[in-house]
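Student: Have a look at this prediction, sequence included:
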Amino acid sequence: MPLLNRDGHLIANPWRLASEHRDRPRPYSVLSTEQWRLLKLVSPEVLHLGLRLDGEAEPEQALPWLDTCEMVEIHFASFTDGRGFSLGRTLRARFGYNRAMRACGEVLPDQLQLLARCGFDQFLLQDAEAVCDGQAALVAFDVCYQPDLKTATWFQAAQNSGSSTSANMRSTAA
């Protein structure tokens, strides 16, 4: 499946979903929250592990692993379900996640610009046919009425001051 970044460029995809039946994940494996819970003997930083969340997941489910996972992949089961948009924005704005975040599953090219505005960096598309449409959709509008996570001054100030780190959010969420 082709992978686009938020600038509309095709990029390499070293990440693979981890098999449910493997004892130890391979480098660049994307693990479910259950697989992360079972991961005890391996240092996640060494393997470059990612976390896969379903769009209906609660953001707090990701908290134990946000500091160690290199990429969060949010799976959209249906293109009509907008909960993944909110999940991505919450992980960025409230929990301070600042590494790669990817949308996968039933993602339409028309949704890519809004996904980027919600904090997604990468988009795993269903087929090569959607690439041209996705690239066009990402640059279709150069002015938006609402601020996004890249232009919101409150978000930039929080990122610069370090007040939105996941460690700080964990203490306030508890």
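Tutor: Structure's in. What do you need?

Student: Quick one: the strands in the protein, in order.
Tutor: All strands of the chain, identified by DSSP state E, fall at 3-5, 16-17, 29-31, 50-54, 71-76, 100-105, 122-124.

Student: Helices of this structure, residue ranges please.
Tutor: Taking DSSP state H as the criterion, the chain contains helices spanning 33-38, 44-47, 83-93, 112-117, 129-138, 153-161, 166-173.

Student: picking up where we left off before, a markdown table for the strands of the chain, including distance to Val139 and mean pLDDT?
Tutor: (Glycine included, C-beta is placed from N, CA and C.) Formatted as a markdown table, the strands of the chain follow (distance: least, CB to CB, whole Å; pLDDT from 0 to 100):
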| stretch | distance to Val139 | mean pLDDT |
| --- | --- | --- |
| strand 3-5 | 12 | 92 |
| strand 16-17 | 30 | 90 |
| strand 29-31 | 28 | 91 |
| strand 50-54 | 27 | 94 |
| strand 71-76 | 22 | 96 |
| strand 100-105 | 17 | 96 |
| strand 122-124 | 14 | 94 |
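
Student: Figure out which of those is closest to Pro64.
Tutor: In this view, the strands of the chain are compared for proximity to Pro64 by CB to CB, and strand 50-54 is the closest at 9.6 Å.

Student: so how far is that closest one from its chain's centroid?
Tutor: The chain centroid and the centroid of strand 50-54 are separated by 8 Å, computed with CA atoms, centre = their mean, to the nearest Å.

Student: same thing with stretch 69-88?
Tutor: The chain centroid and the centroid of stretch 69-88 are separated by 7 Å, computed with CA atoms, centre = their mean.
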